[in-house]
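Asker: One predicted model, sequence on top.
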Amino acid sequence: MPIYLDDDQTLLRDTARDFVAEHAPVGHLRALRDANDATGFSRDLWKQFAELGFTGMLVPEADGGLGLGHVEAGLVLEEIGRNLSPSPFLSTAVAAVEALNGSAARERWYPGIIAGDAVAALALDEGRKFADAVALKAERSGNGFRLSGVKQFVTHGHVADLILVSARTAGSADDAEGITIFAIDSRAAGLDASPERLADSSIAARLTFADVQVDADAVIGEIDQGRTVLNRLLAAGRTGASAEMVGVAGGAADMTYSYLKERKQFGVTIGSFQALQHRAAHLYSEMEVARAAVLKAQQLLDAGTDATEAVAVAKAMAGLATTLAVQEGVQMHGGIGMTDEYDIGFYMKRARVLTEMFGDSNFLADQLAISAGY
């Protein structure tokens, strides 16, 4: 597979780059934060995403979408990351769309997602560095199930229309099997959301399920066999988060390179200092390696082949490269890099949240080691 973009993908990248930079630059994030916006993103901007077709990129053409792939979705996510644009694109148009694909529930939720009217949240995390343990219970009740338990770190969970939740229908919390994925209307009785603003000014919720009653139609995939759907969702989410991190790294690096060319000390630009040139070159090389790893994972997902290892490598490498980019960015900016009035700090905060999302670099490196027999 080529590790470059074709003409159509290049055109899409340029379109996304111009649109996001104009309508949702870093200043957009700052404005939402300073206004203490309770939603965490702009619904008007989400509708504009829909008008451009972005929200339906991964939806099959037979279901009214564009039928594109993870490579194309990643191009949009990279520009979202580059501009730190608050958006439900990753959770809704990528992870949720992938989880719903092929299920009966897609007929209910795809039209709203495509139109930009619906937002999805992923209720998967129960702590322990995104371990695979699922303890939230789903017990048989009438012709459906009754859900009880707690999920945390649910991005957009307080304003979402659709909640995708992993629940335990058989076995114990640490069992690989016995998991079922449910698509739940956020207005369901007994579902309570407690939103908290994260370090990057985004909002995530702690969801409490107190005997939430759902019917059998809410099940995605097979009962007790939800690991397949969950793995597909996580693969899409991790790859998408990796693409967004590459964008965050690129945005931070661009700011840093510009600063090196403009800031003067001792009568010369600091970019002429060899020590800083070496650090900038090292950052560039690490970012290119991460970008290639992410593209490889996207291509394997689009090809329908096993991408488990490639996805883990992409998320781990993107996490490491992005962490390097934002740390070097703050350090090379010096004292001003530590102030709130300068944007480089926003990149560090966003990188920290994305790194944790769906499992950090250490978690995924451990998963790779275990799969290799270590």
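Answerer: Thanks, I have it.

Asker: ok, the closest residue to Leu100 other than its chain neighbours - how many residues close by?
Answerer: Spatially, and ignoring its direct neighbours in sequence, Leu100 is nearest to Arg106 (4.3 Å; C-beta to C-beta, 6 or more residues apart in numbering). (Each C-beta comes from the backbone N, C-alpha and C, glycine too.) When neighbours are counted by other C-beta atoms under 10 Å, Arg106 registers 20.

Asker: Ok, the one 5 residues further on next?
Answerer: The criterion is other C-beta under 10 Å. On that basis, Pro111 has 15 neighbouring residues.

Asker: Without its sequence neighbours, what residue ends up closest to it?
Answerer: Gly64 (6.8 Å).

Asker: Go ahead and confirm the residue nearest to Leu100 touches Ala62.
Answerer: No: judged on C-beta atoms under 8 Å, Arg106 makes no contact with Ala62 at a distance of 10.3 Å.

Asker: Please identify which helix or strand holds Ala236.
Answerer: Secondary structure from DSSP states H and E places Ala236 in helix 227-262.

Asker: for Arg30, same thing?
Answerer: Taking DSSP H and E as the definition, one finds Arg30 inside helix 26-34.

Asker: now do Ala138
Answerer: Here Ala138 is assigned to strand 137-141, by DSSP H and E.

Asker: what comes up buried for that strand?
Answerer: The neighbour-count check on strand 137-141 (16 or more other C-beta atoms under 10 Å) flags Ala138 as buried.

Asker: Report the next helix or strand after the helix holding Ala236 in sequence order.
Answerer: Sequence-wise, the next helix or strand downstream of helix 227-262 (DSSP H and E) is strand 264-265.

Asker: I'd like the average pLDDT over that next one.
Answerer: Average pLDDT, strand 264-265: 86.

Asker: helices or strands up against that strand?
Answerer: Where contact means 3 or more C-beta pairs under 8 Å, 6 or more residues apart in numbering; DSSP states H and E, strand 264-265 is not packed against any helix or strand.

Asker: where do the helices sit along this structure?
Answerer: Listed in chain order, the helices of the chain (DSSP state H) span residues 7-23, 26-34, 43-51, 70-82, 97-100, 106-115, 227-262, 274-303, 308-333, 344-356, 361-371.

Asker: mind listing what's buried in stretch 76-95?
Answerer: For stretch 76-95, a neighbour-count test (16+ other C-beta under 10 Å) marks 76-95 as buried.

Asker: And stretch 141-161, by the same measure?
Answerer: 144-147, 149-161.

Asker: before we move on, back to that, pull the number of nearby residues for the residue nearest to Pro111.
Answerer: Neighbour count of Gly64, defined by other C-beta under 10 Å: 14.

Asker: Could you check the pLDDT of it?
Answerer: In this model, Gly64 is scored at 96, pLDDT.

Asker: quick one: contacts for it?
Answerer: The contact partners of Gly64, taken as C-beta atoms under 8 Å, 6 or more residues apart in numbering, are Gly56, Tyr110, Pro111, Ile114.

Asker: give me that answer again for 10 Å
Answerer: With contacts defined as C-beta atoms under 10 Å, 6 or more residues apart in numbering, Gly64 is in contact with Gly56, Tyr110, Pro111, Ile113, Ile114, Ala115.

Asker: I'd like the residues you listed as a markdown table, with distance to Ala252 and pLDDT appended.
Answerer: Below are the contacts of Gly64 laid out as a markdown table (distance: C-beta to C-beta, whole Å; pLDDT from 0 to 100):
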| residue | distance to Ala252 | pLDDT |
| --- | --- | --- |
| Gly56 | 30 | 97 |
| Tyr110 | 35 | 97 |
| Pro111 | 37 | 97 |
| Ile113 | 30 | 98 |
| Ile114 | 32 | 98 |
| Ala115 | 34 | 97 |
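
Asker: so which of those residues would you say is closest to Thr355?
Answerer: Nearest to Thr355 among those: Ile113, at 26.4 Å, using C-beta to C-beta.

Asker: Could you measure from that closest one over to Thr92?
Answerer: Ile113 sits 6 Å away from Thr92, going by C-beta to C-beta, to the nearest Å.

Asker: next one: Gln277
Answerer: Gln277 sits 42 Å away from Thr92, going by C-beta to C-beta.

Asker: Next, the angle from the helix holding Ala236 to helix 70-82.
Answerer: Angle, helix 227-262 to helix 70-82, by axes from the mean of the first three to the mean of the last three C-alpha atoms, to 10 degrees: 50 degrees.

Asker: And helix 227-262, what's buried?
Answerer: Under 16+ other C-beta under 10 Å, the buried positions of helix 227-262 are 227, 229-230, 232-253, 255-257, 259-260.

Asker: quick check: domain ranges of this structure?
Answerer: For the chain, automatic domain parsing gives the domain ranges 7-119, 122-224, 228-371.

Asker: Determine how far the first one lies from the middle of the whole chain.
Answerer: By that I understand domain 7-119. Centroid separation for domain 7-119 versus its chain: 11 Å, with C-alpha atoms, centre = their mean, to the nearest Å.
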